[in-house]
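A.B. asks: return atomic coordinates for the entry below.
(chains A and B)
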Amino acid sequence: MSIIASAAIRAEGFTPPGPGDFNLPPVGYTQETAPTFGFLGETMYAGVTKPMLLLALSVVLVFAFLYSSIRQRAMVPSRFQFIGEASYSFVRNGLARDIIGSHDFMRFVPYLVALFFFILFNNLFGMVPGIQFPTFSRVGIAYSLAILSWLVYNGVGIKRHGFVNYVKLQTVPGGVSGAILLLLIPLEFFSNIIVRPVTLALRLFANMFAGHMLLILFALGGEYLLFETELPTMLAGPLSWVMFLLVSTLELLVMALQAYVFVLLTAMYISSALVEEH
Amino acid sequence: MTGSLNMLGYGLATVGPGLAIGLIFAAYINGVARQPEAQSRLQPIAILGFALAEALAIIGIALAFVVK
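C.D. replies: Have a look, this model is predicted:
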């Protein structure tokens, strides 16, 4: 009992990671010297930050990966070409064609493939030594991507059905009539038009954010326990690092899964916008 | 002890989506075990259900940080 109590007292020297750890000052500045948008608060930095650079880097990497993998166009593909083709056909056939349907899907394949690789590469930055920052752990970037998807699926829906019919399609559920519609129409509008892009963005953001924070916690906590505390609790330090490795593999899964889920949901929203009226 | 009660509440709130995701994948595994050739049909549905159940946990973590 006394060990636990004294450990609790010692643990006060440890500062757990928080959301502030993700708000990096612009490249080339420290936290004190960085210029800020003063009217927005002390932590609203003005300048080129690490996530911005990572976004640009990911675009270059995605292009380089896809372009160089198909450059030779060999009949018998090399291993690298096979990876590129398999991952392209995974999105094209496994996501776009199966969900949107073979009639319309080809128009959306470029967007969905670009989206998948863009998100995947940006997520994997969280695991690359020296970078170790998943870009979408900044919520603004995830929001802008979700708004893009929102514009795409609402745009094609309005183009296909016309504005009034499209809103009717999205808000009036089929096979329902009478007074219950008074309740259902606002709910459907809220869920289909307003909540969809928000959850789309927050799902990606929160998974990257929480996962990376967990990694920081296990890494820093292990270091603190090993070097700052004495024998009984000291042994928990390496254990924490083992957990770090295990959570890292889980994170790798989550990173790929979230890229998949984002593209899957975008494809589903597109197909629900294109569906014929009931 | 310092910290935010919001986070404690969020921890409790994750029980719901946690159970939901467990049930979804249990049903998915059941389905695939009974009919392995249906896997490609079931997988997007399972992932969709997972994503929708997870949305609750996501809204929870957002509110835990936002609501003061």
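A.B. asks: can you count the residues close to the closest residue to A:Gly20 other than its chain neighbours?
C.D. replies: Nearest in space to A:Gly20, with sequence neighbours left out and distances taken as C-beta to C-beta, 6 or more residues apart in numbering or on different chains, is A:Thr43 at 7.2 Å. Backbone N, C-alpha and C define where each C-beta goes, glycine included. When counting by other C-beta atoms under 10 Å in any protein chain shown, one arrives at 12 neighbours for A:Thr43.
A.B. asks: over to the one 3 residues further on?
C.D. replies: Summarising burial for A:Ala46: neighbours were counted as other C-beta under 10 Å, giving 13.
A.B. asks: show the model's pLDDT score for the nearest residue to it once chain neighbours are set aside.
C.D. replies: Among residues not flanking A:Ala46 along the chain, A:Pro35 sits closest, at 4.7 Å (C-beta to C-beta, 6+ apart). For A:Pro35, the model assigns a pLDDT of 78.
A.B. asks: now the helices for chain A?
C.D. replies: Using DSSP state H, the helices of chain A run over residues A:2-10, A:50-70, A:79-89, A:98-100, A:109-124, A:139-161, A:163-171, A:180-189, A:196-228, A:231-234, A:236-274.
A.B. asks: the residue nearest to A:Ala46 reaches A:Met44, doesn't it?
C.D. replies: No - contact between A:Pro35 and A:Met44 fails when scored by C-beta atoms under 8 Å: they sit 10.0 Å apart.
A.B. asks: residues contacting the residue nearest to A:Gly20?
C.D. replies: A:20, A:23, A:36 (C-beta atoms under 8 Å, 6 or more residues apart in numbering or on different chains).
A.B. asks: just the closest of those to B:Gly3, please.
C.D. replies: A:Gly20 (15.0 Å; C-beta to C-beta).
A.B. asks: and that closest one, how many residues sit next to it?
C.D. replies: A:Gly20: 9 neighbours (other C-beta under 10 Å).
A.B. asks: near chain A, which residues of chain B show up?
C.D. replies: B:40, B:44, B:47-48, B:50-51, B:54-55, B:57-59, B:61-62, B:65 (C-beta under 8 Å from any C-beta of the partner chain).
A.B. asks: which residue packs closest to A:Thr135, ignoring adjacent ones?
C.D. replies: A:Asn122 (4.0 Å).
A.B. asks: where does the prediction get shaky in the chain?
C.D. replies: Since you didn't name a chain, this refers to chain A. Within chain A, the set of residues satisfying pLDDT under 70 comprises A:1-12, A:41-42, A:277-278.
A.B. asks: not quite, I wanted chain B
C.D. replies: Using pLDDT under 70, the flagged stretches of chain B are B:1-2, B:68.
A.B. asks: perfect, that will be all.
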